[in-house]
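> Okay, sequence plus prediction incoming.
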Amino acid sequence: MQLGTRWTSGDEPPASVPPAVAAAVRSVDAAFGSAGPRPRWTLTWLEGRPIAELDSGVIVELDANGTAVVRHDDEDEFG
């Protein structure tokens with residue numbers, strides 16, 4: 001079993017965040033900048049795969065090839 005974690009956007013991702021996901025998270029954080037209150041990231045695991053979700057709805061997850069994919073939760077992934 002793997003436990004999730006939370007951290008504030010702009011802070012360094014915890015060591016438990018896989019490198020590909022952490023790199024994508026840093027890119028998303030850089031795009032937001034540091035103005036205003038910073039949202040928080042939540043790392044969860046689904047069937048052994050990491051999913052990082054920002055309070056604003058941005059989601060970073062790994063595809064079947066292990067490549068980080070960034071999407072927003074209002075994107076319909078089923079068509």
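All right, it came through fine.
> For residue 69, which non-adjacent residue is spatially closest?
Closest residue to residue 69 apart from its sequence neighbours, by Cβ to Cβ, 6 or more residues apart in numbering: residue 63 at 5.2 Å. (Each C-beta comes from the backbone N, C-alpha and C, glycine too.)
> Repeat that for residue 44.
residue 4 (4.3 Å).
> Closest to the centroid, which residue in the protein?
By Cα atoms, centre = their mean, the mean C-alpha position of the chain lies nearest to residue 52, the distance being 2.8 Å.
> residue ranges with poor pLDDT in the chain?
Scanning the chain with the threshold set as pLDDT under 70 gives 1, 75-79.
> In it, what residue spans correspond to strands?
For the chain, the strands defined by DSSP state E occupy 5-8, 40-46, 49-54, 58-62, 68-72.
> who's residue 62 bridged to?
Using DSSP bridges, the bridge partners assigned to residue 62 are residue 68.
> Many thanks, I have nothing further to ask.
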